[in-house]
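1. Build me a model:
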Amino acid sequence: MGTEPKPKPTRKVKRRREPAEEIVDYIVEIEDWDFSYWLALNTLRNALDPYHEHRQIELKGRMLRPAGLKTNRVEVSLFPSIGLEEERRKDLKPIAVGSLELYAERVGGHVGIPFDALVPVLQMLIAGRLKFVVMRGAKFRYRSARLQSYSLATKLDEDDLASLEATT
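-> Sure thing, here's the model as predicted:
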């Protein structure tokens, strides 16, 4: 009788880790802004609210950082959301606070803000005090980037200024 071949030991397949996302600071100087409001009857069947309401602040400006994108024109839309109220957001498991999309002529951003932050943001814009949007998130991949954080500022802090000086 023949000898049976020895079974080869099974090799563990090593899974390749995804490389950590490169985090980038996106700094936008606000040049103009607009506010829009829309109210309509909610015609959905079994709607919880008889009205449908939409509010939006659109910030337009110039991308200061990162340099080297195809365009430096930026439009960031702030959308107030009741879901971001402190009591409601405790159960959320968000993957981003917003996103950026890279187009040929501009960078478009969509960011959620707590509903109660709308009035103070509008007051600061009307007074001409808000000058910068500082966003931190993933590097653009397939013309899109998820944002981990953002801030609206009257001036840049020392870290932001240092990063701007390093790129110039």
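
2. Quick one: find the helix or strand in this structure with the lowest mean pLDDT.
-> The least trusted helix or strand in the chain, going by mean pLDDT, DSSP states H and E, turns out to be helix 158-167, with a mean of 66.

3. mind listing the strands for this protein?
-> 23-41, 51-65, 73-81, 98-102, 107-114, 132-138, 144-153 (DSSP state E).

4. Which parts of the second one count as buried, going by neighbours?
-> Which is strand 51-65. With burial defined by 16 or more other C-beta atoms under 10 Å, the residues of strand 51-65 counted as buried are 55, 57, 59, 61, 63, 64, 65. Every C-beta, even on glycine, is put in place using the N, C-alpha and C of the backbone.

5. just the fifth one next, same as before
-> Within strand 107-114, the residues that qualify as buried are 107, 108, 109, 110, 111, 112, 113, counting by 16+ other C-beta under 10 Å.

6. can you put those residues in CSV and add distance to residue 82?
-> Listed next are the buried residues of strand 107-114 as CSV, based on distance: C-beta to C-beta, whole Å:
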residue, distance to residue 82
107, 27
108, 24
109, 21
110, 17
111, 16
112, 10
113, 11
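
7. and the residue nearest the centre of the chain, what does it touch?
-> Nearest to the mean C-alpha position of the chain, by C-alpha atoms, centre = their mean, lies residue 98 at 2.7 Å. Residues near residue 98 by C-beta atoms under 8 Å, 6 or more residues apart in numbering: 109, 110, 111, 112, 135, 146, 147, 150.

8. nearest spatial neighbour of the first one, skipping sequence neighbours?
-> Distance criterion C-beta to C-beta, 6 or more residues apart in numbering; nearest residue to residue 109, sequence neighbours excluded, is residue 76 at 3.7 Å.

9. For that neighbour, give me its contacts.
-> Residue 76 neighbours (C-beta under 8 Å, 6+ apart): 28, 58, 59, 61, 108, 109, 110, 111, 133, 135.

10. now the contacts of residue 98 as CSV including pLDDT?
-> What follows is the contacts of residue 98, written out as CSV (pLDDT from 0 to 100):
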residue, pLDDT
109, 96
110, 96
111, 96
112, 93
135, 96
146, 96
147, 96
150, 96
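
11. now these as JSON lines including distance to residue 45?
-> What follows is these, written out as JSON lines (distance: C-beta to C-beta, whole Å):
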{"residue": "109", "distance to residue 45": "34"}
{"residue": "110", "distance to residue 45": "28"}
{"residue": "111", "distance to residue 45": "31"}
{"residue": "112", "distance to residue 45": "27"}
{"residue": "135", "distance to residue 45": "38"}
{"residue": "146", "distance to residue 45": "34"}
{"residue": "147", "distance to residue 45": "35"}
{"residue": "150", "distance to residue 45": "36"}
